[in-house]
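A.B. asks: quick one: sequence and predicted model below, then my questions.
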Amino acid sequence: EKELNQIKAPQYSAFPPGYELPPNIAIITLQELENQHTLLRLAHLYEVGEDDKFSVPATVDFQDLFQGRKIEEVVELNLSGAQKLSEIKPLVWQVEGEESVIHKSSKRIETKNGQYIVELAPMEIRTFELEFDG
């Protein structure tokens, strides 16, 4: 009979061996949804000016993160993950004596050769829904 401290628990990682996120990025949420969809929320851990080396934008390549799975589509969602970012209408504040300005987000998901690459600025949190090939 084996002692409890000698029993090895099975280990599993959703990510390929040796893969590391940039040191200034953390996975906040990784949730498997229905129909080959996954919710992924990433956060940049540093604020502007906090650290010379890590307070800079960082990129994550989803195909590197999910090696061995074919990504069909990546859609950015709002922070709660309830609505597509592309469907959200920006608030317009009317300030007396000033022109109203609508600021459009320049955030996008760069795609090239099957790669899905996103950039996170310092202190930014972004939420994505990934669809994988069945």
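C.D. replies: All right, it came through fine.
A.B. asks: buried stuff in the helix-or-strand element of the chain with minimal mean pLDDT?
C.D. replies: Sorting the helices and strands of the chain by mean pLDDT, DSSP states H and E puts strand 110-112 at the bottom, at a mean of 83. Within strand 110-112, not a single residue qualifies as buried, counting by 16 or more other Cβ atoms under 10 Å. C-beta coordinates here come from the backbone N, C-alpha and C atoms, glycine included.
A.B. asks: dump the residue contacts of the most centrally placed residue in the chain.
C.D. replies: Among the residues of the chain, the one closest to the centroid is Leu42, at 3.7 Å (Cα atoms, centre = their mean). For Leu42, the contact set (Cβ atoms under 8 Å, 6 or more residues apart in numbering) comprises 25-28, 60, 118, 120, 125-126, 128.
A.B. asks: all the helices of this structure, residue numbers only.
C.D. replies: In the chain, the segments counted as helices under DSSP state H are 62-65.
A.B. asks: so where's it shaky on pLDDT?
C.D. replies: The chain contains residues with pLDDT under 70 at 1-5, 7, 9-14, 100-106.
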